[in-house]
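A.B. asks: Pasting the sequence and the predicted model now:
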Amino acid sequence: MSASDDQADVEKVLAGDCDAFEGIVRRWQSPLVNLAYRFCGDRGRAEDMAQEAFLRAYRALAAWRRDGAFSTWLFALATNLYRTELRRIPARTISLEEVVVPEPRPGADEKLEEDARQRAVRLAVQTLPAKYRDAVVLFYFHDMDVSAAAQSLGLPEGTVKARLHRGRELLRGKLPLLAGEVGWKEAR
């Protein structure tokens with residue numbers, strides 16, 4: 001994904017070529033749906049939320065200031081929309097105590113074990129309070145650094161670091177075996 005492609009498509013759309021927005025959608029559809037899925041845990045709802053994010057981005061395209069990356073602006077817009085949507089209609093949640101940590105089985109296929117671990121981690125992340133979940137999702141699942149996550153969430157970097165720390169603590173409490181295996185990286 002190229003910043004120059006985003007810039008060119010934005011310029012075309014703003015000049016009246018509405019079809020150029022299709023290039024933006026093609027490049028960013030999968031990342032925005034995946035981000036939404038990390039927030040709500042429902043693929044259908046994630047697709048709807050991403051569609052709404054694109055609609056809002058299209059309407060607000062002229063508001064993008066070229067001093068930052070288009071992707072950062074788009075992810076911030078989407079993150080804010082997703083958070084608002086989840087406040088309006090919360091995702092189905094379960095308590096951390098209900099999350100089942102997969103037990104290693106002798107002779108089990110490594111791929112199946114890895115898939116089970118990943119499902120357990122994703123499920124545990126979904127149980128976190130929203131303020132911790134949002135930071136964890138952006139930092140770990142979307143590989144944003146603290147600065148980008150802070151910008152996307154509209155928070156100071158120190159707040160994001162604190163939320164990441166607290167989110168990891170909550171997850172370690174429920175997933176002690178996985179915490180070492182997953183190798184939670186520290187926010188710096």
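C.D. replies: On my side now, so go ahead.
A.B. asks: Helix or strand for Val13, just tell me which one.
C.D. replies: In the assignment (DSSP states H and E), Val13 maps to helix 3-14.
A.B. asks: now that helix: how far from the chain's centre is it?
C.D. replies: How far helix 3-14 lies from its chain's middle: 24 Å, per Cα atoms, centre = their mean, to the nearest Å.
A.B. asks: Buried residues, that helix. List them.
C.D. replies: Using 16 or more other Cβ atoms under 10 Å as the burial criterion, the residues of helix 3-14 that qualify are 6, 9-10, 12-13. To be clear about C-beta, it is placed using only N, CA and C from the backbone, and glycine gets the same treatment.
A.B. asks: can you pull out the helices in this protein?
C.D. replies: Using DSSP state H, the helices of the chain run over 3-14, 21-40, 43-59, 70-88, 110-127, 130-136, 146-153, 157-174, 176-182.
A.B. asks: Go through the fourth one and flag the buried ones.
C.D. replies: The neighbour-count criterion (16+ other Cβ under 10 Å) identifies 70-71, 73-79, 81-83, 85-86 as the buried residues of helix 70-88.
A.B. asks: could you dump the helices of the chain to TSV with mean pLDDT?
C.D. replies: Listed next are these as TSV, based on pLDDT from 0 to 100:
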stretch	mean pLDDT
helix 3-14	91
helix 21-40	92
helix 43-59	94
helix 70-88	89
helix 110-127	78
helix 130-136	89
helix 146-153	88
helix 157-174	90
helix 176-182	53
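A.B. asks: show me the contacts for Cys40.
C.D. replies: By Cβ atoms under 8 Å, 6 or more residues apart in numbering, the residues touching Cys40 are 46, 49, 82, 85-86, 91.
A.B. asks: nearest to Ala20, of these?
C.D. replies: Comparing the contacts of Cys40 against Ala20 with Cβ to Cβ places Met49 closest, at 23.3 Å.
A.B. asks: what's around that closest one, how many residues?
C.D. replies: 23 (other Cβ atoms under 10 Å).
A.B. asks: Who are the contact partners of it?
C.D. replies: 36, 39-40, 78, 81-82, 85 are the contacts of Met49 under Cβ under 8 Å, 6+ apart.
A.B. asks: repeat that with 7 Å
C.D. replies: By Cβ atoms under 7 Å, 6 or more residues apart in numbering, the contact list for Met49 reads 36, 40, 81-82, 85.
A.B. asks: got a markdown table for these, with distance to Ala60 too?
C.D. replies: Converted to a markdown table, those look like this (distance: Cβ to Cβ, whole Å):
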| residue | distance to Ala60 |
| --- | --- |
| Ala36 | 18 |
| Cys40 | 22 |
| Leu81 | 11 |
| Tyr82 | 16 |
| Glu85 | 16 |
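A.B. asks: Show me which pair in those residues is furthest apart.
C.D. replies: Largest pairwise distance in these, by Cβ to Cβ, is 11.6 Å, between Cys40 and Leu81.
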